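[1] Give me a model of this one.
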Amino acid sequence: MRKIILSVIMITILVLSIFSIHLFVESTTLGAHVVELKLDTGDTAWMIVATALVLLMTPGLGFFYGGMVGKKNVISTVLQSFMAMVIVTVLWVVVGFGLCFGPSIGGFIGNPMSNLFFQGVSANTAWELAPTIPMILFALFQAKFAIITPALITGAFAERVRFWAYLLFMVLFILFVYSPLCHMTWHPDGLLFGWGVLDFAGGTVVHMSAGWAALAGAMFLGKRKVQKANPARITYVLLGTGLLWFGWFGFNAGSAVGAGSLAAQALGTTTVAAAAAAMGWVFLDKILGHKLSAMGACIGAVVGLVAITPAAGFVSIPHAMAIGIIASIVSNLVVSKFPKGKIDDALDVFACHGVGGMVGMLLTGVFASKSVNAIVGDNQGLIFGDATLFLIQLKALVLVSVFAFSVSYFLFFIVNKITPLRVSEEKEELGLDISQHGEYL
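    Sure, this is the predicted structure:
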């Protein structure tokens, strides 16, 4: 049955791709949000580089996660990230971009009909909020955010999920969790955008959605047979962290959608927060009586990168340092107190990405300053004496948390009805590299 379904999918996509010019009307019915292109070659060059940098984060994440799991599950773990680049790219072109940035349906989701197979996504027009770069470049930049989000989730159910079930979940997650959150947060007609929620590069859209989905997955799949295995290669974790940190400059500074002062500010806050968080994590480990570990330094750096993501273009450099330190302390304590005996979040995705994203969203409401970014307006952060923005961020945090967790849990339930999510105990014992892919280190 699976062979038939896969054959139908491939043939359908192939036929629609070949005859798209006849089947889909070239249109720019995104309406007022599509504007005449005012090309700036500097902005365009930077955004091409930023798009490549963000894509590099996904294989970096594969190494980051792959080094943490047991040796017999390394290939499967890395491949889960790699296949996100494959499946989500195709899905994004077919329907994903329209769901995120198409004409708004009630502020919750976009209408993809005018953008099926990238129809209306032109190199000669621009998105309203990025008028100096081609619209197709904006669409491809946004695709990289969609790619890494389901890949982030994989760390929670590492070493026990069937690969084909994961691929199905990834598709459904993009359609029913990522796309609505992206539209609500970043589309000018989106619900959260209208509230005045500040999310510069994905605290809600990427990290909170992935963190809550990871918790839902860990709860639904249950514990691994053996929860503690020696990390396969800590050097992979170090390599993955370096690639993530490097790529994150595209992630955050690229979200300025131009090569100007805002991009430079976001680049600065990004690297400072990562460094401060890594320092905070290892210092806290020492204070709590643990050794200074490579794993701790890497996890701390990533937590800092996660936490600064929503705030990167809204806060000063000193406040970015504070965000990194606070996030690392909170996530470290959550990791140590997480009920691992009951919920097996294998690589602490919720404690690091979910909690880090939530801390970043709230601290954006504390430290956002109009002197850094005029879009903040009069509703500055709590530290400047105004609670309005903080309460908006808090309201968004609650909505996104409930939505991402409940819908993700339901999707795991649906996928499990279609095809079992968990491998058998025998295959788990054998390792996913052999049992799912017939390969090994």
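
[2] Which elements pack onto the longest helix along the chain?
    For the chain, the longest helix by residue count, based on DSSP state H, is helix 388-418. Where contact means 3 or more C-beta pairs under 8 Å, 6 or more residues apart in numbering; DSSP states H and E, helix 388-418 is packed against helix 163-173, helix 179-186, helix 191-195, helix 209-221, helix 355-367. For glycine as for every other residue, the C-beta is placed from the backbone atoms N, C-alpha and C.

[3] So residue 174 sits against residue 91, correct?
    Yes: using C-beta atoms under 8 Å, residue 174 is in contact with residue 91, at 5.8 Å.

[4] Among these two, which residue is more densely surrounded?
    When neighbours are counted by other C-beta atoms under 10 Å, residue 174 comes out ahead of the other of residue 174 and residue 91, with 24 against 21.

[5] ok, now which ones touch the more buried one?
    Shown in contact with residue 174 (C-beta atoms under 8 Å, 6 or more residues apart in numbering): 88, 91, 92, 96, 146, 149, 150.

[6] JSON lines for the residues you listed, including secondary structure?
    JSON lines is the format used below for the contacts of residue 174 (DSSP: H, G, I helix; E, B strand; the rest coil):
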{"residue": "88", "secondary structure": "helix"}
{"residue": "91", "secondary structure": "helix"}
{"residue": "92", "secondary structure": "helix"}
{"residue": "96", "secondary structure": "helix"}
{"residue": "146", "secondary structure": "helix"}
{"residue": "149", "secondary structure": "helix"}
{"residue": "150", "secondary structure": "helix"}
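
[7] Show me which of these is closest to residue 384.
    Proximity of these to residue 384 (C-beta to C-beta) peaks at residue 149, which lies at 31.7 Å.

[8] these two touch, right, the closest one and residue 208?
    No: using C-beta under 8 Å, residue 149 makes no contact with residue 208, being 10.2 Å away.

[9] quick one: which of these two has more around it?
    Per other C-beta under 10 Å, whichever of residue 149 and residue 208 has more neighbours is residue 208, with 30 against 27.

[10] Quick one: neighbours of the nearest residue to that one once chain neighbours are set aside, just the number.
    Take residue 208 and drop its neighbours on the chain: the residue closest to it by C-beta to C-beta, 6 or more residues apart in numbering is residue 357, 4.2 Å away. By the criterion of other C-beta under 10 Å, residue 357 has 33 neighbours.

[11] you'd agree residue 278 is up against residue 305?
    No: with contact taken as C-beta under 8 Å, residue 278 and residue 305 are classed as non-touching, separated by 9.7 Å.

[12] which of these two has more neighbours?
    For residue 278 versus residue 305, the count of surrounding residues by other C-beta under 10 Å is larger for residue 305: 31 against 24.

[13] Next, that one: secondary structure please.
    Put simply, residue 305 is helix when judged by three-state DSSP.

[14] For burial, what's the neighbour tally of the nearest residue to residue 252 once chain neighbours are set aside?
    Closest residue in space to residue 252, ignoring its immediate chain neighbours: residue 312 at 4.0 Å, by C-beta to C-beta, 6+ apart. As a burial measure, residue 312 scores 34 neighbours (other C-beta under 10 Å).

[15] Would you verify that residue 126 is located in a strand?
    Yes: counting by three-state DSSP, residue 126 is located in a strand.

[16] From the contacts of residue 174, pick the one nearest residue 245.
    For the contacts of residue 174, the closest approach to residue 245 (C-beta to C-beta) belongs to residue 149, at 18.3 Å.

[17] Now for that closest one: which residues touch it?
    Shown in contact with residue 149 (C-beta under 8 Å, 6+ apart): 173, 174, 178, 202, 205, 206, 209, 210.

[18] where does the stretch 1-150 of the chain have low pLDDT?
    For the stretch 1-150 of the chain, the stretches with pLDDT under 70 are 25-32.

[19] if we go to 90?
    Within the stretch 1-150 of the chain, the stretches with pLDDT under 90 are 1-3, 5-6, 16, 19-36, 113-115, 119-120, 122.

[20] And for the stretch 151-300 of the chain?
    Applying pLDDT under 90 to the stretch 151-300 of the chain flags residues 225-230.

[21] where exactly do the strands run in it?
    For the stretch 151-300 of the chain, applying DSSP state E, counting those that start in this stretch gives no strands.

[22] for the helices and strands packed on helix 388-418, which one sits closest to residue 342?
    helix 209-221 (8.9 Å).

[23] angle of that closest one against helix 388-418?
    Interaxial angle, helix 209-221 versus helix 388-418 (axes from the mean of the first three to the mean of the last three C-alpha atoms, to 10 degrees): 40 degrees.

[24] ok, back up a step: out of the contacts of residue 149, which one sits closest to residue 402?
    Of all the contacts of residue 149, residue 402 sits closest to residue 209, with 11.8 Å by C-beta to C-beta.

[25] and that closest one, what does it touch?
    Residues near residue 209 by C-beta under 8 Å, 6+ apart: 149, 177, 178, 181, 400, 404, 408.

[26] can you list the residues that contact the helix or strand just after the longest helix of the chain?
    Later in the chain than helix 388-418, the nearest helix or strand by DSSP states H and E is helix 425-430. Residues from elsewhere that reach helix 425-430 (C-beta under 8 Å, 6+ apart): 72, 159, 160, 224, 225, 422, 435, 436.

[27] show me what contacts the closest residue in space to the second one that isn't next to it in sequence?
    Excluding its sequence neighbours, the residue lying closest to residue 159 (C-beta to C-beta, 6+ apart) is residue 73, at 4.6 Å. If you count contacts by C-beta under 8 Å, 6+ apart, residue 73 has them with 158, 159, 232, 431, 432, 433.

[28] so the first one makes contact with residue 67?
    Which is residue 158. No: counting by C-beta under 8 Å, residue 158 stays clear of residue 67, with 11.5 Å between them.

[29] and which of the contacts of residue 209 is nearest residue 113?
    Among the contacts of residue 209, and counting by C-beta to C-beta, the member closest to residue 113 is residue 178, at 19.1 Å.
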